[in-house]
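[1] structure, please.
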Amino acid sequence: MQITDIKIRKFFDEGPMKAVISVTFDNCLAVHDIKVIYARERYFIVMPSRKNPDGTYRDIVHPINSDFRVELEKTLIDAYHAQNAIRDVEDNEGADDTYIV
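    Numbers count the residues shown, from 1 in each chain. The predicted structure follows:
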């Protein structure tokens, strides 16, 4: 399975959540609302989830094995850093908040 598109939908400057990303796989499957989080001195991703009646959260979609999770996390965090660097350089006033990698 190949990542064929990454769209950074929203950046956040305050708090631990830094971005919300959509990813397309094999030009066939889109996964929305993957979050990039910075906490405890590291970046990581949080997959889309739904709140259960007991207040806990359950992932709606998630990688099945750790190798793919590491690959996905690295790719998305690298895309976040690349687009955030561009965002820091450019004057984005009035620009759309969607960034396509």
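
[2] the lengthiest strand in the chain - contacts with which helices or strands?
    Of all segments of type strand in the chain, defined using DSSP state E, the longest is strand 29-39. Where contact means 3 or more Cβ pairs under 8 Å, 6 or more residues apart in numbering; DSSP states H and E, strand 29-39 is packed against strand 17-25, strand 42-46, helix 66-89. Every C-beta, even on glycine, is put in place using the N, C-alpha and C of the backbone.

[3] show me what it is in contact with.
    9, 16-25, 43-48, 61, 76-77, 80 (Cβ atoms under 8 Å, 6 or more residues apart in numbering).

[4] only the buried members of those: can you turn that into a ChimeraX selection?
    Those of the contacts of strand 29-39 that count as buried under 16 or more other Cβ atoms under 10 Å are selected in ChimeraX with:
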select :18,19,20,21,22,23,24,43,45,47,48,76,77,80
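
[5] so which of the helices and strands packed on strand 29-39 gets nearest residue 57?
    Among those, strand 42-46 comes nearest to residue 57, with 9.2 Å by Cβ to Cβ.

[6] what sits closest to residue 87 if chain neighbours are left out?
    residue 11 (6.5 Å; Cβ to Cβ, 6 or more residues apart in numbering).

[7] now do residue 43
    Counting by Cβ to Cβ, 6+ apart, the nearest residue to residue 43 once its immediate chain neighbours are dropped is residue 77, at 4.8 Å.

[8] can you tell me which residue is spatially central in this structure?
    Of all residues in the chain, the one closest to the mean position by Cα atoms, centre = their mean is residue 21, 3.5 Å from it.

[9] check contacts around it.
    Contact partners of residue 21, counting by Cβ under 8 Å, 6+ apart, are 6-9, 34-36, 45, 76, 79-80.

[10] and it, how far is that from residue 53?
    Look at residue 21 and residue 53: by Cβ to Cβ, to the nearest Å, they are 28 Å apart.

[11] over to residue 73?
    With distances taken as Cβ to Cβ, residue 73 is found 29 Å from residue 53.
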